[in-house]
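A.B. asks: make a model of this:
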Amino acid sequence: MPGMEFVFTGFRQDSDIRSYTFQIISADRTKSKVTVGADLSLIRKHRIPLQELPLLCRRLLETNGVGKSPTVMFTEKDMLVYVTERVAAEHVAELKRRAHRTPVSSRSGQAWRTAGKAGMLTNAAAAAKK
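C.D. replies: From the prediction side, this is the model:
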């Protein structure tokens with residue numbers, strides 16, 4: 001949300017739910033606290049790296065805002081949005097890698113090979129003339 005900052009302050013884990021705590025600093029510099037919970041079994045199911053969770057929770061707060069409740073849940077729907085974006089980004093990266101490959105040619109390196117031979121022939125001819 002514009003004018004709001006979300007500062008990660010820590011996490012706590014109860015059973016299979018990891019709760020990330022953020023301090024909210026509003027535009028008028030007032031502070032409040034919000035907790036975002038994430039189900040670790042769903043995180044594993046969707047192969048989301050654990051170290052990405054704090055940023056994903058912060059992104060959830062930035063995009064959806066904070067309601068009246070001091071607790072928000074990072075739902076499976078939110079996870080699927082992230083997974084879809086990640087797969088699309090990986091696909092684009094793979095296309096870029098493929099686009100930059102040069103085709104293999106049987107003439108690869110021929111320029112430096114023939115230049116060296118020509119130089120050797122010139123040096124040999126010059127030595128024969130002496």
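A.B. asks: what is the longest helix seen in the chain packed up against?
C.D. replies: Secondary structure of the chain per DSSP state H: the longest helix is helix 76-99. Applying 3 or more CB pairs under 8 Å, 6 or more residues apart in numbering; DSSP states H and E, we find helix 76-99 packed against helix 40-45, helix 53-64. No exception for glycine: its C-beta is placed from N, CA and C like everyone else's.
A.B. asks: that one relative to helix 53-64, how many degrees between them?
C.D. replies: 110 degrees (axes from the mean of the first three to the mean of the last three CA atoms, to 10 degrees).
A.B. asks: list the buried ones in helix 76-99?
C.D. replies: Neighbour-count burial for helix 76-99 flags 78-79, 82 (criterion: 16 or more other CB atoms under 10 Å).
A.B. asks: CA atoms of that helix as PDB?
C.D. replies: Provided in PDB are the C-alpha atoms of helix 76-99 (Å, rounded to 0.1, in the frame of the first residue of the first chain):
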ATOM      1  CA  GLU A  76      -2.900 -21.800  -1.200                       C
ATOM      2  CA  LYS A  77      -4.400 -19.400  -3.800                       C
ATOM      3  CA  ASP A  78      -1.600 -16.900  -3.000                       C
ATOM      4  CA  MET A  79       0.900 -19.700  -3.400                       C
ATOM      5  CA  LEU A  80      -0.400 -20.700  -6.700                       C
ATOM      6  CA  VAL A  81      -0.200 -17.200  -8.000                       C
ATOM      7  CA  TYR A  82       3.500 -17.100  -7.000                       C
ATOM      8  CA  VAL A  83       4.200 -20.600  -8.500                       C
ATOM      9  CA  THR A  84       2.500 -19.500 -11.800                       C
ATOM     10  CA  GLU A  85       4.700 -16.400 -11.900                       C
ATOM     11  CA  ARG A  86       7.800 -18.400 -11.100                       C
ATOM     12  CA  VAL A  87       7.200 -21.000 -13.800                       C
ATOM     13  CA  ALA A  88       6.500 -18.200 -16.400                       C
ATOM     14  CA  ALA A  89       9.800 -16.400 -15.400                       C
ATOM     15  CA  GLU A  90      11.700 -19.700 -15.700                       C
ATOM     16  CA  HIS A  91      10.200 -20.200 -19.200                       C
ATOM     17  CA  VAL A  92      11.200 -16.700 -20.300                       C
ATOM     18  CA  ALA A  93      14.800 -17.300 -18.900                       C
ATOM     19  CA  GLU A  94      15.000 -20.600 -20.800                       C
ATOM     20  CA  LEU A  95      13.900 -18.900 -24.100                       C
ATOM     21  CA  LYS A  96      16.500 -16.200 -23.600                       C
ATOM     22  CA  ARG A  97      19.200 -18.800 -23.000                       C
ATOM     23  CA  ARG A  98      18.200 -20.600 -26.200                       C
ATOM     24  CA  ALA A  99      18.100 -17.400 -28.200                       C
END
